[in-house]
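Q: Structure here, sequence nowhere to be found:
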């Protein structure tokens, strides 16, 4: 049965393709494909309700999961368990592409809430650091979707 596939969003500094919506199957699995630029690193955060699986398709990504540093390249897969702080930083100069797999709608809904339809293929225009108001709005929306921001991005 075909699912998801072509919905494209700009989410913060990334380009996201919704491959499988959490509403497509009974187990509420969600698969999002991300294209992230060099240096992209979300704040250290904790998913309260869902594990997050990362599968690297292209590029080099450095992860911090529960304080452990993990370097991942194309073909690598790793788990960021719920309630464990994690983040990543794209190390490859050409950016990276990876899948995130979650169960339940918290992360997918967060991406939809903060994202906007991609106006073209590729990354959105680069944005500078968030204003204090934007950072607080991000933290609030994350909390509403079971995700707590607990630290800074990776340097």
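A: Good, I have the coordinates. Values in this document were obtained by computation on a predicted structure and should not be read as measured data. Numbering: from 1, shown residues only.

Q: how deep is the residue nearest to residue 67 when sequence neighbours are not counted tucked in, by neighbour count?
A: Excluding its sequence neighbours, the residue lying closest to residue 67 (Cβ to Cβ, 6 or more residues apart in numbering) is residue 85, at 7.6 Å. Glycine gets a C-beta too; all of them are placed from N, C-alpha and C. Counted by other Cβ atoms under 10 Å, the residues lying close to residue 85 total 18.

Q: who touches residue 85 in this structure?
A: Contact analysis of residue 85 by Cβ atoms under 8 Å, 6 or more residues apart in numbering lists 44, 45, 46, 64, 65, 66, 67, 150, 151.

Q: got the buried residues for the helix or strand harbouring residue 64?
A: Per DSSP states H and E: residue 64 is located in strand 60-65. The neighbour-count check on strand 60-65 (16 or more other Cβ atoms under 10 Å) flags 60, 61, 63, 64, 65 as buried.

Q: Next, residue 137: secondary structure please.
A: Classification of residue 137 by DSSP: H, G, I helix; E, B strand; the rest coil places it in helix.

Q: Quick check, pLDDT for it.
A: With respect to pLDDT, residue 137 has a value of 90.

Q: Can you list the residue ranges for strands in the chain?
A: Residue ranges of the strands in the chain, as given by DSSP state E, are 7-11, 14-20, 29-36, 44-47, 52-58, 60-65, 68-73, 77-80, 86-90, 96-103, 116-117, 147-151.

Q: JSON lines for those, including mean pLDDT and distance to residue 132?
A: Output for the strands of the chain, formatted as JSON lines (pLDDT from 0 to 100; distance: least, Cβ to Cβ, whole Å):
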{"stretch": "strand 7-11", "mean pLDDT": "93", "distance to residue 132": "21"}
{"stretch": "strand 14-20", "mean pLDDT": "96", "distance to residue 132": "22"}
{"stretch": "strand 29-36", "mean pLDDT": "97", "distance to residue 132": "24"}
{"stretch": "strand 44-47", "mean pLDDT": "97", "distance to residue 132": "18"}
{"stretch": "strand 52-58", "mean pLDDT": "98", "distance to residue 132": "27"}
{"stretch": "strand 60-65", "mean pLDDT": "98", "distance to residue 132": "24"}
{"stretch": "strand 68-73", "mean pLDDT": "98", "distance to residue 132": "29"}
{"stretch": "strand 77-80", "mean pLDDT": "98", "distance to residue 132": "27"}
{"stretch": "strand 86-90", "mean pLDDT": "98", "distance to residue 132": "20"}
{"stretch": "strand 96-103", "mean pLDDT": "98", "distance to residue 132": "28"}
{"stretch": "strand 116-117", "mean pLDDT": "94", "distance to residue 132": "21"}
{"stretch": "strand 147-151", "mean pLDDT": "96", "distance to residue 132": "14"}
